[in-house]
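# pasting the sequence and the predicted coordinates here, then a few questions.
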Amino acid sequence: MPVCRTAMTTITDPGTDPGTNPGTLYRLLAWLSPGFPTGAFSYSHGLEAAVESGAVHDRMTLQAWITAIVTQGSGRTDADILRDAFRAAARGDAAAVADANARAAAFRPSGELALETSQQGGAFLATYRAAWDAPHPYLLPACGETERPVAQRWEGEGPLPSTGVCHAVAFGAAAAGAGVALGDALLGYLQAFAANLMSAGLRLGVVGQTNGQRILAALEPAIIAAAQAASTRHPADFGSATFAADLASTAHETQYTRLFRS
């Protein structure tokens, strides 16, 4: 126990606010909960193919796989996109939100990963607008909607883009509208991302529940550091370098038996 307490005191809060408003914290927890219907449970982000090939086969290989994706793969690019969408939404710049979404859609290495982010983003947006829209009206418009002010649309009165709304964009814009601190939004998003990958590994039989929680505990410093880095990273440093994960995602598209959609 003393070791755990010492480790905890060395980790700083990446949020920019000294204290989190209970209302914004409540919404942040609700939107990141497994109970929020984005369909994340149906995606493994290529992990299923990595398990099939034997590249991921135990607790340590699963932990390394998740760490790489969160810090150098789609987690890294999603964090940058979330940051850009958050800041654009906070200043009411719908065109910049649209630019962030176009960039997010372009940097998907496989069709399944593109489906993963657009399906989850669309589901997040639909649920947000159905259940949370009244107290926090600023977000993206429904497809084809024209009655909202220009600042609440993508560009002028056009519909949503054909690529769909990427999850990081929808979440970032919602967090900004709700007054969530950017650091808290980044940390929460990346933790939920990692937790979903761990859950996929659990359902694939790589680890049990206790080892799954050990993985999340071990990932804490890396995820906090990734959130902090995203909040200050220069836009020119955008990108990822997880080729094994990208190839696994591509292989998953033709995998004979599958539990997950990616």
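Ah, there it is.
# which parts of this protein are strands?
Assigned by DSSP state E, the chain shows no strands.
# now tell me which helix or strand of it has the poorest mean pLDDT.
helix 2-9 (a mean of 33; mean pLDDT, DSSP states H and E).
# residue ranges with poor pLDDT in the chain?
1-20, 133-163 (pLDDT under 70).
# mind checking the longest helix of it?
When the chain is parsed with DSSP state H, its longest helix is helix 209-232.
# tell me where the stretch 101-250 of the chain has helices.
Secondary structure of the stretch 101-250 of the chain (DSSP state H, counting those that start in this stretch): helices at 111-131, 167-178, 182-203, 209-232, 243-252.
# of these, which approaches Thr77 most closely?
Evaluated with C-beta to C-beta, the helices of the stretch 101-250 of the chain place helix 167-178 nearest to Thr77, the distance being 8.3 Å. Backbone N, C-alpha and C define where each C-beta goes, glycine included.
# does anything pack onto that closest one? Which helices or strands?
helix 22-32, helix 74-90, helix 94-106, helix 111-131, helix 182-203 (3 or more C-beta pairs under 8 Å, 6 or more residues apart in numbering; DSSP states H and E).
# between the ones you listed, which gets nearest to Ala50?
Nearest of those (C-beta to C-beta): helix 182-203, 9.5 Å.
# figure out how far that closest one is from the centre of its chain.
7 Å (C-alpha atoms, centre = their mean, to the nearest Å).
# one step back: what's next to the longest helix of the chain, contact-wise?
11-12, 14, 59, 62-63, 66-67, 70-71, 75-76, 79-80, 82-83, 182-183, 186-187, 190-191, 194-195, 198-199, 201-202, 207 (C-beta atoms under 8 Å, 6 or more residues apart in numbering).
# CA atoms of it as PDB?
Provided in PDB are the C-alpha atoms of helix 209-232 (Å, rounded to 0.1, in the frame of the first residue of the first chain):
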ATOM      1  CA  GLN A 209     -10.700  -9.400 -15.200                       C
ATOM      2  CA  THR A 210      -8.000  -9.000 -12.500                       C
ATOM      3  CA  ASN A 211      -5.200  -8.900 -15.000                       C
ATOM      4  CA  GLY A 212      -7.200  -6.500 -17.100                       C
ATOM      5  CA  GLN A 213      -7.400  -4.100 -14.200                       C
ATOM      6  CA  ARG A 214      -3.600  -4.600 -13.600                       C
ATOM      7  CA  ILE A 215      -3.100  -3.400 -17.200                       C
ATOM      8  CA  LEU A 216      -5.200  -0.300 -16.700                       C
ATOM      9  CA  ALA A 217      -3.400   0.500 -13.400                       C
ATOM     10  CA  ALA A 218       0.000   0.100 -15.200                       C
ATOM     11  CA  LEU A 219      -1.200   2.400 -18.000                       C
ATOM     12  CA  GLU A 220      -2.000   5.300 -15.800                       C
ATOM     13  CA  PRO A 221       1.200   7.200 -16.100                       C
ATOM     14  CA  ALA A 222       1.400   6.700 -19.900                       C
ATOM     15  CA  ILE A 223      -2.200   7.800 -20.400                       C
ATOM     16  CA  ILE A 224      -1.700  10.900 -18.200                       C
ATOM     17  CA  ALA A 225       1.500  11.800 -20.100                       C
ATOM     18  CA  ALA A 226      -0.300  11.300 -23.400                       C
ATOM     19  CA  ALA A 227      -3.100  13.600 -22.400                       C
ATOM     20  CA  GLN A 228      -0.600  16.300 -21.300                       C
ATOM     21  CA  ALA A 229       1.400  16.000 -24.500                       C
ATOM     22  CA  ALA A 230      -1.700  16.400 -26.700                       C
ATOM     23  CA  SER A 231      -2.700  19.600 -25.000                       C
ATOM     24  CA  THR A 232       0.600  21.300 -26.000                       C
END
